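Student: No letters, just coordinates:
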């Protein structure tokens, strides 16, 4: 199974996603404040990064870009969970290095399916 980082701006959802993915057999670390997590120590190597943001904004895109700049995560898939992005936002997400996205609201089964595809 995969080593996954779940980070975002909504603590309850990060914890829910982390709990679900742990039950699926993954090793999961949750961080609700991306900037503190990234700045506190060098990032461990993760097989997948799940970013959860209520709204697609510069914070979400900055987190993806920061991960892409980190040598240890340059190739790790990034899943962004956010409210329904418009086409121009999809282009911004791809440019920031996002591998896949899920629209909110999403089900835990949706999350499992996308995670399975990204880590297989």
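Tutor: Received, thanks. For clarity, every value in this text was computed on a predicted model and none was experimentally measured. Residues are numbered from 1 along each chain as shown.

Student: Now stretch 3-21: buried residues?
Tutor: Using 16 or more other CB atoms under 10 Å as the test for burial, stretch 3-21 gives 4-9, 13-14, 16-18, 20-21. For every residue, glycine as well, the C-beta is placed using N, CA and C.

Student: Distance from the chain centre to it, please.
Tutor: Remark: stretch 3-21 is offset 9 Å from the chain centroid, using CA atoms, centre = their mean, to the nearest Å.

Student: I would like the residues contacting stretch 47-59, please.
Tutor: Residues outside stretch 47-59 that contact it (CB atoms under 8 Å, 6 or more residues apart in numbering): 2-10, 13-14, 17, 21, 34, 60, 63-64, 67, 73, 76-83, 85, 89, 92-93, 98, 104, 111, 115, 118-119.

Student: mind listing which of the residues you listed are in strands?
Tutor: Counting by DSSP state E, the contacts of stretch 47-59 place 3-8, 78-83, 104 in strands.

Student: so which of the residues you listed comes closest to residue 45?
Tutor: Nearest to residue 45 out of those is residue 3 (CB to CB; 7.2 Å).

Student: still on that earlier bit, want to try JSON lines for the ones in strands among the contacts of stretch 47-59, with pLDDT and distance to residue 52 as columns?
Tutor: What follows is the ones in strands among the contacts of stretch 47-59, written out as JSON lines (pLDDT from 0 to 100; distance: CB to CB, whole Å):
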{"residue": "3", "pLDDT": "93", "distance to residue 52": "17"}
{"residue": "4", "pLDDT": "93", "distance to residue 52": "12"}
{"residue": "5", "pLDDT": "90", "distance to residue 52": "11"}
{"residue": "6", "pLDDT": "91", "distance to residue 52": "7"}
{"residue": "7", "pLDDT": "88", "distance to residue 52": "7"}
{"residue": "8", "pLDDT": "86", "distance to residue 52": "3"}
{"residue": "78", "pLDDT": "95", "distance to residue 52": "12"}
{"residue": "79", "pLDDT": "96", "distance to residue 52": "9"}
{"residue": "80", "pLDDT": "93", "distance to residue 52": "8"}
{"residue": "81", "pLDDT": "93", "distance to residue 52": "5"}
{"residue": "82", "pLDDT": "89", "distance to residue 52": "8"}
{"residue": "83", "pLDDT": "87", "distance to residue 52": "11"}
{"residue": "104", "pLDDT": "89", "distance to residue 52": "8"}
